[in-house]
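Undergrad: sequence plus predicted model, see below.
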Number of protein chains: 2
Amino acid sequence: MTYERKNIAAMEAYVPGEQIDSSEIIKLNTNENPYPPSPCVSEALASADVPRLRQYPSPTAKSLQKTIAAKHNLDPENVLVTNGGDELLRMAITTFVDPGEKVAIARPTYTLYQVLADAHDAQMEVFELDSNWNLPGNFGDLLNDAEAKLAFLVNPHAPSGTLLPVEEISAVAETFRGVLLLDEAYVDFVEPDAAYSSEALLEKHENLLILRSFSKGYSLAGLRMGYGLGNTSLINPLMKTKDSYNTDLIAQSLADAAIRDQDYASDTWNRVRAERRTVSAALRGMGFVLPESQTNFVLATVPYGQKAESLYHALKSRNILVRYFKNENRLEDKLRITIGTPKENQTLINALNDLLD
Amino acid sequence: MTYERKNIAAMEAYVPGEQIDSSEIIKLNTNENPYPPSPCVSEALASADVPRLRQYPSPTAKSLQKTIAAKHNLDPENVLVTNGGDELLRMAITTFVDPGEKVAIARPTYTLYQVLADAHDAQMEVFELDSNWNLPGNFGDLLNDAEAKLAFLVNPHAPSGTLLPVEEISAVAETFRGVLLLDEAYVDFVEPDAAYSSEALLEKHENLLILRSFSKGYSLAGLRMGYGLGNTSLINPLMKTKDSYNTDLIAQSLADAAIRDQDYASDTWNRVRAERRTVSAALRGMGFVLPESQTNFVLATVPYGQKAESLYHALKSRNILVRYFKNENRLEDKLRITIGTPKENQTLINALNDLLD
């Protein structure tokens, strides 16, 4: 017998990127930071108060909430700490969208959005990005015409790595009558000279909800910590619907240690940016076509005459995992490659040189 | 402007028990285990692989899932590891109940059930327990008549501490056509001679979902770990709707260490049981009336002529926190008191002796 809701019986589950636990494998498929977390994270772990674990943690991660607020020049009431950014995505749908109402995305994008909409039985309105991965003109109007209650924008964009200017986001938020969730999971890797910063938009746009993650920028994908930034008109209802104790004591304290050590984190971002330039140049030299990435990955169209799927398999047989989006419209001829350590990247480049020879 | 769904604007948020961070306070209000976690938890923490945190954890907590399955003589596919038991409660509602459909509870019970139903816009069908906190006769039929899709039963019961025999649960599951979620958050404190064990019911009842928690029995409320046990007809759809990486690497490993050290955990349960007898006897000696508790708390009706709310405040002014359910029907004359360490319990008893003198 089946007990689940019809929409859940009908939906496809999210398929996480392959995780192969082997030191032999060079993992360039799930956009993890190639560097370990800050030494301050180890220190925080070493001084964790284990006996205190018998008691419930702060329901709102109060101390971390303050640290995050200070970093962004906001008040703690504008910060919602979540069990990974993914929790915020789910909560945004279940809090702001009635089943049957519409969520909007601009494709290609993070496939989890569709899964979360399906699980809630929300409808999905899909817009297509143009050939340069830019939004359709008057995107805000299009969202209103579709009667979307919530729209997901990921910036810098995944899987292309490109960056929308903050003015364009502001224009969408200004026009759109629903909630605009700006997913900035990869924002830490943006070049500083792009001078990208979206927090100030919160003063103007009550409907803007910014997502940040500790997974990539702070090398803490294993810890499941993220947060939302927004006005209280969005944060307060999310607080009502979140699981009562949604993050744990240790994760709260480790995330706090990580975000306080901006010097270390910035250093990893700089290294990733430098390697991004190296990898991009090498790939272009081999005939790959790729847009300028502002993230810790590149989306590379394979050279003329090559097949992305074959290259994916050939790399895998050499213990190098990259991401191939099988059956994803407009991505069949592309590989998404995470920026690794210099050594990992060189191994990748050598392998590709060899395979394309 | 408001952006949230109407049901969310209208709902009341869950109010967690008071958490006052002070070593001066004797906290007997949130049913935490008075003893620290197993030394194996500290060891697991000390050997945590911090560099590995840069990578995503196992989406299903695979290793812990196996440990749990082995403990319960089940297969890993019958185990869903969750971010606290509360996550399983929410997921059960969002997976098995369409908005507008019915969830059922037998009151008094954990107030979070109502909050979660409200957040999902599910209707709540409320049955009243009798004066001995027993279920109404033919509870399964009543659930069917109400067309409930999901029913929550907490056993041993909170807030009374009483235990339903496993046969009664089996009878409800047999009759009920919806999903029966058996919330066993406190089951570790049941007297061994009660020979209570519900896992075997899973062989007979496809619609039974058992909730377990690390919070109380393993002294890990701060870690947010729990799990569900059930047949794949329930576990598989829950797996589809859970957040893609819902528990973190460190919590997975610490929970694993805790559950493997059954000797230590059992020792804390025995201590709590012994103190439960002492506290119960002392309270009865002072004129409190309380049912036999099989949990780590007691629900005590205050002596004739006393007011529970006044006693609550008087204890609080002496730095002893107990739980008073203000405005809760049938609980106004009662205090819920967590079993603490022998010293904490003696302080409580002395204070009550003094106040009732």
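TA: Alright, I've got the coordinates. Numbering: from 1, shown residues only, chains lettered A, B, ... in the order given.
Undergrad: all helices of chain A, in order?
TA: Remark: helices assigned in chain A by DSSP state H are A:6-10, A:39-46, A:62-71, A:85-96, A:112-120, A:139-145, A:166-175, A:201-204, A:232-241, A:249-260, A:262-285, A:308-317, A:342-355.
Undergrad: what about A:Arg107, how many residues close to it?
TA: 16 (other C-beta atoms under 10 Å in any protein chain shown). Where C-beta positions appear, they are placed from N, C-alpha and C, glycine not excepted.
Undergrad: ok, it to B:Phe189 distance?
TA: From A:Arg107 over to B:Phe189 the distance is 52 Å, taken as C-beta to C-beta, to the nearest Å.
Undergrad: same question for A:Lys71.
TA: 43 Å.
Undergrad: related to what we said a few turns ago, now the helices of chain A in TSV, with distance to chain B, mean neighbour count and mean pLDDT?
TA: Formatted as TSV, these follow (distance: least, C-beta to the nearest C-beta, whole Å; neighbours: other C-beta atoms under 10 Å in any protein chain shown; pLDDT from 0 to 100):
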stretch	distance to chain B	mean neighbour count	mean pLDDT
helix A:6-10	5	14	95
helix A:39-46	5	17	98
helix A:62-71	10	18	98
helix A:85-96	5	25	98
helix A:112-120	5	23	97
helix A:139-145	14	17	98
helix A:166-175	12	17	98
helix A:201-204	14	14	98
helix A:232-241	4	19	97
helix A:249-260	4	24	98
helix A:262-285	9	17	98
helix A:308-317	18	16	97
helix A:342-355	13	16	98
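Undergrad: tell me if I'm right that A:Pro159 and A:Arg336 touch.
TA: Yes. Here A:Pro159 lies in contact with A:Arg336, judged by C-beta atoms under 8 Å, at a distance of 4.8 Å.
Undergrad: what do the two both touch?
TA: A:Phe297, A:Leu299, A:Arg323, A:Phe325 (C-beta atoms under 8 Å, 6 or more residues apart in numbering or on different chains).
Undergrad: confidence score at the last one?
TA: Spelled out, that is A:Phe325. pLDDT, A:Phe325: 91.
Undergrad: could you do A:Glu18 as well?
TA: Looking at A:Glu18, the pLDDT reads 79.
Undergrad: nearest residue to the spatially most central residue of chain A in space, please, no chain neighbours.
TA: In chain A, the residue lying closest to the centroid (C-alpha atoms, centre = their mean) is A:Ala185, at 3.3 Å. Nearest residue to A:Ala185 in three dimensions, chain neighbours excluded: A:Ser213, at 4.5 Å (C-beta to C-beta, 6 or more residues apart in numbering or on different chains).
Undergrad: relative to B:Ala265, how far out is the closest residue to A:Val50 other than its chain neighbours?
TA: Excluding the flanking residues, the one nearest A:Val50 by C-beta to C-beta, 6+ apart is B:Ser42, at 4.8 Å. Separation of B:Ser42 from B:Ala265 (C-beta to C-beta): 14 Å.
Undergrad: swap in A:Tyr56?
TA: 19 Å.
Undergrad: equivalent analysis for A:Ala69, please.
TA: Distance from A:Ala69 to B:Ala265, by C-beta to C-beta: 38 Å.
Undergrad: go on, A:Arg276?
TA: A:Arg276 is 49 Å from B:Ala265, by C-beta to C-beta.
Undergrad: residues contacting A:Glu24?
TA: Counted by C-beta under 8 Å, 6+ apart, A:Glu24 has contacts A:Asn319.
Undergrad: could you do A:Val50 as well?
TA: Contacts of A:Val50 (C-beta under 8 Å, 6+ apart): B:Pro36, B:Pro37, B:Val41, B:Ser42, B:Leu45.
Undergrad: cool, and A:Phe214?
TA: Taking C-beta under 8 Å, 6+ apart, one finds A:Leu220, A:Leu223, A:Met225, A:Gly226, A:Ala255, A:Ala258, A:Ile259 in contact with A:Phe214.
Undergrad: check it and give its pLDDT.
TA: For A:Phe214, the predicted pLDDT is 98.
Undergrad: what's the distance between it and A:Glu191?
TA: In this view, A:Phe214 and A:Glu191 are 21 Å apart by C-beta to C-beta.
Undergrad: same deal with A:Arg276?
TA: 9 Å.
Undergrad: quick one: neighbours of A:Leu335, just the number.
TA: 28.
Undergrad: would you check that it makes contact with A:Leu321?
TA: No. Look at A:Leu335 against A:Leu321 with C-beta under 8 Å: they stay out of range, at 10.7 Å.
Undergrad: joint contacts of the two?
TA: Between them, A:Leu335 and A:Leu321 share no contacting residue, judged by C-beta under 8 Å, 6+ apart.
Undergrad: contacting residues around stretch A:32-48?
TA: Outside stretch A:32-48, the residues touching it (C-beta under 8 Å, 6+ apart) are A:215-221, A:249-250, A:253-254, A:256-258, A:260-261, A:264-265, A:268, A:271-272, A:296, A:338-341, A:344, B:45-46, B:48, B:50-51, B:53-56, B:250.
Undergrad: how about a cut-off of 7 Å?
TA: Stretch A:32-48 is contacted from outside by A:216, A:218-221, A:250, A:253-254, A:257-258, A:260-261, A:264-265, A:268, A:271, A:296, A:338-341, A:344, B:45, B:48, B:50-51, B:53-56, using C-beta atoms under 7 Å, 6 or more residues apart in numbering or on different chains.
Undergrad: one more: stretch A:72-90?
TA: A:60-61, A:64-66, A:68-69, A:112-113, A:116, A:185, A:199, A:202, A:211, A:213, A:215, A:224-232, A:235, A:238-239, A:246-247, B:83, B:243-246.
Undergrad: which one of the contacts of A:Val50 is nearest chain A?
TA: Among the contacts of A:Val50, B:Pro36 lies closest to chain A (C-beta to the nearest C-beta), at 3.7 Å.
Undergrad: give me every residue that touches the residue lying closest to A:Ile259 once chain neighbours are set aside.
TA: In this structure, A:Ile259 finds its nearest non-sequential neighbour in A:Thr67, 5.9 Å apart by C-beta to C-beta, 6+ apart. Residues near A:Thr67 by C-beta under 7 Å, 6+ apart: A:Asp256, A:Ile259, A:Arg260.
Undergrad: can you give me the distance of the closest residue to A:Asp130 other than its chain neighbours to B:Leu229?
TA: Nearest non-adjacent residue to A:Asp130, counting by C-beta to C-beta, 6+ apart: A:Pro136, 7.0 Å away. Taking C-beta to C-beta as the measure, A:Pro136 and B:Leu229 are separated by 48 Å.
Undergrad: more neighbours, those two?
TA: B:Leu229 (24 against 12).
Undergrad: show the pLDDT at A:Asp21.
TA: Confidence score, pLDDT, at A:Asp21: 69.
Undergrad: just the one 5 residues further on next, same as before
TA: On pLDDT, A:Ile26 comes in at 95.
Undergrad: how many other residues sit next to it?
TA: 22.
Undergrad: these two touch, right, it and A:Gly340?
TA: Yes. Here A:Ile26 lies in contact with A:Gly340, judged by C-beta atoms under 7 Å, at a distance of 6.5 Å.
Undergrad: all set now, cheers.
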